[in-house]
Structures are given as C-alpha cells and as structure tokens.
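J.: Sequence unavailable; structure follows:
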C-alpha cells in the first residue's frame, strides 16, 4: 500500500483531472446551447469556440501523477475517448488509477 501522503497526492491529482474534464464538458454543452439559441448572432458561438479551445488546452496540459509528463496529448485524446480507455502514453497509468506500492 502507498504511504498516506502519496495516496493523497494521487487523490488530489485525479480530483483536479475530473474538474478539468467537467469544465471541458460544460464548455461543450455551452456551445451546443449557444448554437441552438442564436442562429443569426455569431458572437456567442465564437466565444464558446474560444472557450472550447481554452478548455481543451487546459485539459491536455494535465500532468500525469506518476511520471509528470502530459497525461493526454492532442493526437491521442480522440482515440482514447473513443476507446473509453484514457491512459498516460508515457507510463501507461490509467485515469483515476492509484497504484499500489511495489514489493521487491
């Protein structure tokens, strides 16, 4: 079992990851709403597209709790979301996984 502070570090990291994912989802829903409500006005859609770009950038900048590299990349995010298996492409840590202490 991991030391308590290491376990807490992973818990905090995955909580931050979930916040980023929720923010990205909220911005995507905002775009859908803006497009349905304003067929003539392009400003709300433009603002939502800018928000999506910012949320995607923020989401993709999440560091892996294990290795510290970027957890997902622009190229890998679509394939991982389709496969419903999000993993660090560097150390293969699964999303929301808290590794156990290794015994040697």
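T.: Thanks, I have the structure now. The model shown is predicted, which means the values in this text are computed figures rather than measured ones. Numbers count the residues shown, from 1 in each chain.
J.: okay, now residue 98: neighbour count?
T.: Residue 98 has 18 neighbours, counted by other Cβ atoms under 10 Å. Every residue, glycine included, has its C-beta placed from N, CA and C.
J.: The helix or strand containing residue 51 - contacts with which helices or strands?
T.: Secondary structure here is read from DSSP states H and E; on that basis residue 51 sits in helix 43-60. Using 3 or more Cβ pairs under 8 Å, 6 or more residues apart in numbering; DSSP states H and E as the contact definition, the elements that helix 43-60 packs against are helix 4-37, helix 74-83.
J.: let's see 7 Å
T.: Helices and strands touching helix 43-60, as assessed by 3 or more Cβ pairs under 7 Å, 6 or more residues apart in numbering; DSSP states H and E, comprise helix 4-37.
J.: what's stretch 24-37 in contact with?
T.: With contacts defined as Cβ atoms under 7 Å, 6 or more residues apart in numbering, stretch 24-37 is touched by 44, 45, 48, 49, 51, 52, 55, 56, 59.
J.: wait, what's in contact with the last one?
T.: For residue 59, the contacting residues are 20, 21, 24, taking Cβ under 7 Å, 6+ apart as the criterion.
J.: picking that back up, can you point out the buried residues in the helix holding residue 51?
T.: By 16 or more other Cβ atoms under 10 Å, the buried positions in helix 43-60 come out as 48, 51, 55, 56, 59, 60.
J.: Could you list the low-confidence segments of this structure?
T.: 1-4, 38-39, 78, 81, 83, 101-104 (pLDDT under 70).
J.: ok, so of the contacts of stretch 24-37, who is nearest residue 65?
T.: Nearest to residue 65 among the contacts of stretch 24-37 is residue 59, at 15.1 Å by Cβ to Cβ.
J.: tilt between the helix holding residue 51 and helix 4-37?
T.: For helix 43-60 against helix 4-37, the angle by axes from the mean of the first three to the mean of the last three Cα atoms, to 10 degrees is 160 degrees.
J.: what about the closest residue to residue 58 other than its chain neighbours, neighbour count?
T.: Closest residue to residue 58 apart from its sequence neighbours, by Cβ to Cβ, 6 or more residues apart in numbering: residue 20 at 5.9 Å. Residues lying near residue 20 (other Cβ under 10 Å) number 17.
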